[in-house]
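> Model the following, please.
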Amino acid sequence: MHSRMRRMRCVDLGTIREQTENGPCYTPGTMAVLLGHTLLEAHDPSSGRYDALRVGQGLGLTAADMAQILGWTARGVRKNPASPKLQEPLTRLMATVTLLRELLDGSMAYVRVWLRAPHPALAGRTPLSYLLEGHISPVEDLVRAMASGQPD
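Numbers count the residues shown, from 1 in each chain. From the prediction side, this is the model:
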């Protein structure tokens, strides 16, 4: 009970910290390092799973857009955006988005621009156009190639 009280006290301070039983609260810098591989905004806070609506919001996409990308109906995405059935395609999408964000100096604004800009390696089409057709592989391949330093 005592450690629970200390944990609550850290949360009440209004900082992103968690008290451990044997040590001090994590600092916000430590939390950033621990969670640097993911976008917190993309997760459902209650389940920890990816949330299609939150992912869409981060990418500037509607529920209907996310439904197209994920091969679901817009109603299904709105009704259960963190469905276990959506986790595999959301994980693939977010792995690509996370790598792209790293390549673009950590900027989600740059990610949104990149997705909407025609790319020569995609025959002048936008990466988003592939995603909206439910084809993530060409976008994944392009981002991986960019990360490995291969020419477009």
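> elements contacting the lengthiest helix in the chain?
Using DSSP state H to assign secondary structure, the helix with the most residues in the chain is helix 87-103. Applying 3 or more Cβ pairs under 8 Å, 6 or more residues apart in numbering; DSSP states H and E, one finds that helix 87-103 makes contact with helix 52-59, helix 63-70, helix 108-116, helix 137-147. Placement of C-beta: from N, CA and C, glycine included.
> Pull the residues that contact the longest one.
This means helix 137-147. If you take Cβ atoms under 8 Å, 6 or more residues apart in numbering as the criterion, helix 137-147 is touched by 92, 95-96, 99-100, 102-103, 119, 121-122, 127, 130-131, 152.
> what inclination does that helix have with respect to helix 108-116?
Computed by axes from the mean of the first three to the mean of the last three Cα atoms, to 10 degrees, the angle separating helix 137-147 from helix 108-116 equals 120 degrees.
> re earlier: from the contacts of helix 137-147, list just the buried residues.
Buried residues within the contacts of helix 137-147, counting neighbours by 16 or more other Cβ atoms under 10 Å: 95-96, 100, 119, 122, 127, 130-131.
> Just give me the closest of the residues you listed to residue 50.
residue 95 (10.7 Å; Cβ to Cβ).
> residues contacting that closest one?
Contacts of residue 95 by Cβ under 8 Å, 6+ apart are residue 140.
> ditto for the one 4 residues further on
For residue 99, the contacting residues are 143-144, 147, taking Cβ under 8 Å, 6+ apart as the criterion.
> which of these has the most neighbours?
residue 143 (20 neighbours; other Cβ atoms under 10 Å).
> Roughly how far does it sit from residue 85?
24 Å (Cβ to Cβ, to the nearest Å).
> swap in residue 128?
The value you get for residue 128 to residue 85, if Cβ to Cβ is used, is 23 Å.
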